[in-house]
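>>> next one to model:
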Amino acid sequence: MYQDLKQLYWWPNMKADIATYVSKCLTCLRVKAEHQKPSGLFVQPEIPQWKWDNIAMDFVTKLHRTSSGYDTIWVIVDRLPKSTHFLPMREDDSMDKLTKLYLKEKALGTRLDMSTAYHPETNGQSEKTIQTLEDMLRACVIDFRNGWEKHLPLVEFSYNNSYHASIKAAPFETLYGHKYRSPVCWAEVEDAQLTGLEIIQETIDKIVQIKQRLQASCDRQKSYVDVRRKPLEFQVCDKVMLKVSPWKGVVRFGKRGKLNPCYIGPFKVLAKVGTVSYRLELPQQLSRVHSTFHVSNLKKCLSDEPLEKLYSDHQGQMELQARS
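Numbers count the residues shown, from 1 in each chain. Predicted structure coming up:
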């Protein structure tokens, strides 16, 4: 715009005025893609103090249905020793069934923390485990050509006895304090055995060592990631735009397709959640969407229009698109 206007007009601070005007254009905010570093510095969850203090959970869905009707795997990962459990399930299992399974453990003092909406990195531990699990299941299906359900216990056993670079050991060893002995190694078993106190002390030593290794791994990861990101913070009552998914075939907030807006909004910031997430005031049309978002899905709205007018215009636009 500046290059076009400077041929015809001039006034003091012309370039800055034009840049300010464009930055407040609501249409530009909605349709223009970002060409900057992703927002939000890397924040690593605290390292658990002990085994099974903190677990991550997720689901692998849309698998080939087995003869028993299973098409989903419930993935449970202990974040300290990295040990896992893989449970076959049905995708149409009711929430009541899952809730009952969880409530059995809630009596022991557990607390359920939900992941940030549309930000899979929040639950990166489960995401990484699922990638490895899917690779192992593909190999089983290719080699044995039977249902994946039959091989799931073997896959879990193999995973828990595989070396993990972050802890520099296998999950089985970190969980039980000693390496697993396969049938090949049974001949090496000696009569000498550890006493109870020795096992406890060895386990404590291993946990301390694992926590040190995890911290070193987290520090390396943060230094690598933060170089490619920029810090961004909002204040309560700020106006922000919310990113619409660019993933192929994915509908987010009722939007899909190349010509749909890259952002929707603006929305008011209600509260800061943790270090890099914010809770937004969403309209009724988005009542089924979790209202907490990572800062990488947001950008500041500089429009001077009152928020009430922007809300009414935006809702009218959504209703118009819903009819068309």
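
>>> now do the strands in this structure.
If DSSP state E is used as the criterion, the strands of the chain fall at 55-60, 72-78, 84-89, 239-243, 263-273, 277-281, 292-294, 298-300.

>>> what are the buried residues along stretch 126-146?
Within stretch 126-146, the residues scored as buried using 16 or more other CB atoms under 10 Å are 126, 129-130, 133, 136-137, 140. For every residue, glycine as well, the C-beta is placed using N, CA and C.

>>> looking at those, spot the one nearest residue 236.
Minimum separation from residue 236 among the buried residues of stretch 126-146 (CB to CB) is found for residue 126, which lies at 31.0 Å.

>>> need the nearest residue in space to that closest one, chain neighbours excluded.
Take residue 126 and drop its neighbours on the chain: the residue closest to it by CB to CB, 6 or more residues apart in numbering is residue 58, 3.7 Å away.

>>> ok, that neighbour - contacts?
When the contact criterion is CB atoms under 8 Å, 6 or more residues apart in numbering, the partners of residue 58 are 75, 123, 126-127, 129-130.

>>> can you flag which of those residues belong to helices?
Taking DSSP state H as the definition of helices, these contribute 126-127, 129-130.

>>> farthest-separated two in these?
Across these, the longest distance by CB to CB is 7.3 Å; it joins 127 and 129.

>>> how far away is residue 239 from residue 279?
Going from residue 239 to residue 279 by CB to CB, to the nearest Å gives 14 Å.

>>> between these two, tell me which one has more neighbours.
Counted by other CB atoms under 10 Å, residue 239 and residue 279 do not tie: residue 239 has more neighbours, with 19 against 16.

>>> beta partners for the more buried one?
On the basis of DSSP bridges, residue 239 takes part in beta bridges with residue 268.

>>> if we can go back for a sec, closest one to residue 213 among the strands of the chain?
The minimum distance between residue 213 and the strands of the chain falls on strand 72-78, with 15.2 Å, by CB to CB.

>>> which residues does the closest one contact?
48, 51-52, 54-61, 63, 83-91, 93, 125-126, 129-130, 133, 152, 171, 175.

>>> what's the angle from that strand to strand 55-60?
Orientation check (axes from the mean of the first three to the mean of the last three CA atoms, to 10 degrees): strand 72-78 against strand 55-60 gives 160 degrees.

>>> use 39 as the first number from now on
OK, 39 is where the count begins now, so the last one is strand 110-116.

>>> distance from strand 110-116 to the middle of the chain?
Taking CA atoms, centre = their mean, to the nearest Å, one finds the center of strand 110-116 at 15 Å from the center of the full chain.
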